[in-house]
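[1] Need a 3D model of the following:
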Amino acid sequence: MQIFTNYNAHSSLDLPSRMAYGDGIFETIRVDSGRVAFLQTHLARLKESAVFFQLLPKDFNWAEFCRELDNVIEKIHDGVLKIILVRKYQGRGYRYTTDAGSEIIMECYGGKIPFGWQLDPADIGICSTPCSINSMLAGHKHLNRMDSVLASGEVQEKGWDDGLMCCQTQVIEATAANVFVVQKNSILTPEISVAGVNGVVRRILVSEPSLPVREVPQLTLSDCQNAQALFLTNAAKIVWPVNSLTVNGRIIRYDLTNPTLERVISDFRNRLSC
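    Got it, this is the predicted structure:
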C-alpha cells in the first residue's frame with residue numbers, strides 16, 4: 001500500500017495519470033482537536049464507493065490504512081483532511097484491470113474551521129450550470145466534478161456564498177453541499193437517484209428518526225421559494241443556515257429563528273460536543 005501524504009496542500013504532488021479521467025473518489029473530513037466527527041460514516045462511504053468503482057485490490061489492508069489515517073488526523077489536529085483514491089497507472093487509455101488497486105493521497109488543510117451556524121447565514125442563488133445526470137454515479141463522491149467547478153465560478157461572479165444546482169426543474173444540491181428546506185414541521189431534501197452526492201451529514205439527517213426529514217422524488221424551485229427555512233450541509237460546515245435565495249432577480253428571505261432549523265443545529269451541537 002502506497003499512501004502520499006501532503007501536509008502542505010498548497011504544494012503539488014506527482015499525481016497519477018488516471019486523474020486525467022477523473023478515475024477515482026474522494027472524502028472530505030473535518031478534524032477538530034485531533035478528533036473526527038462521524039468518522040465511521042466517512043469510512044463506510046469511502047469503502048462503499050471504492051468497492052463500487054473497483055478501486056481496491058482483493059488483498060487491500062483496511063486496518064493498515066486506518067492506522068495511517070489515525071496518524072495523519074493526529075498530526076493535523078485542526079483543519080480538513082481530503083482523502084483521494086485514484087486507480088493505479090496501467091498505461092494509456094480507459095481500460096483497467098479490476099485488481100490494480102489505487103494510489104491513496106491525503107491532503108491536509110490546517111486551521112480551525114468554523115461551523116456553519118458560527119458563520120453569517122448564507123446568501124445563495126440559482127446556478128445556470130446544471131448537475132450532470134448519471135444514475136450510476138449518483139450518490140458517489142467521485143472526481144468528475146467539473147459541473148461544480150463551473151457553478152462555483154458563477155457563485156463567485158455573482159457574489160453569492162453558494163448556489164443551487166438543478167437538473168431541469170429539479171433542485172439537486174448546492175455546489176459543495178446538500179440542500180434541505182423546512183416546510184411547516186417537515187424537512188425536505190431531494191432523493192439522490194439521478195445526480196448529486198449523498199453527503200455524510202445528509203446521511204445522518206435522513207437516518208435520524210427524531211427529526212422530521214423526508215426524501216422527496218423532486219424538490220422544485222417553488223418548494224425552495226415557499227419554504228420557511230432553508231439550510232445547507234456538508235462535512236466541513238456541518239449545517240449552514242441560508243439567509244436568502246435569489247431567483248431571477250427576486251430575493252426570498254428565510255426565517256433564521258425557525259424552530260425546526262434551530263432543532264437541527266441543536267442536535268448537531270450536542271453530537272459534536274460528546
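[2] Where do the strands of the stretch 151-274 of the chain begin and end?
    Under the criterion DSSP state E, counting those that start in this stretch, the stretch 151-274 of the chain contains strands at 162-167, 170-174, 178-183, 186-190, 213-216, 229-234, 238-247, 250-253.
[3] Serialize those to JSON lines and add fields for mean neighbour count and mean pLDDT.
    For glycine as for every other residue, the C-beta is placed from the backbone atoms N, C-alpha and C. Shown next, in JSON lines, are the strands of the stretch 151-274 of the chain (neighbours: other C-beta atoms under 10 Å; pLDDT from 0 to 100):
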{"stretch": "strand 162-167", "mean neighbour count": "23", "mean pLDDT": "96"}
{"stretch": "strand 170-174", "mean neighbour count": "25", "mean pLDDT": "96"}
{"stretch": "strand 178-183", "mean neighbour count": "23", "mean pLDDT": "97"}
{"stretch": "strand 186-190", "mean neighbour count": "20", "mean pLDDT": "97"}
{"stretch": "strand 213-216", "mean neighbour count": "14", "mean pLDDT": "96"}
{"stretch": "strand 229-234", "mean neighbour count": "25", "mean pLDDT": "98"}
{"stretch": "strand 238-247", "mean neighbour count": "21", "mean pLDDT": "97"}
{"stretch": "strand 250-253", "mean neighbour count": "12", "mean pLDDT": "96"}
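[4] CSV for those strands, including distance to L46?
    Putting those into CSV (distance: least, C-beta to C-beta, whole Å) gives the following:
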stretch, distance to L46
strand 162-167, 23
strand 170-174, 19
strand 178-183, 17
strand 186-190, 22
strand 213-216, 22
strand 229-234, 16
strand 238-247, 19
strand 250-253, 36
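[5] To L272, which of these lies closest?
    Proximity to L272 (C-beta to C-beta) singles out strand 238-247 among the strands of the stretch 151-274 of the chain, at 7.3 Å.
[6] What is that closest one packed up against?
    strand 122-126, helix 221-225, strand 229-234, strand 250-253, helix 259-273 (3 or more C-beta pairs under 8 Å, 6 or more residues apart in numbering; DSSP states H and E).
[7] will you turn those into CSV that also has distance to W62?
    Output for the helices and strands packed on strand 238-247, formatted as CSV (distance: least, C-beta to C-beta, whole Å):
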stretch, distance to W62
strand 122-126, 37
helix 221-225, 40
strand 229-234, 25
strand 250-253, 46
helix 259-273, 25
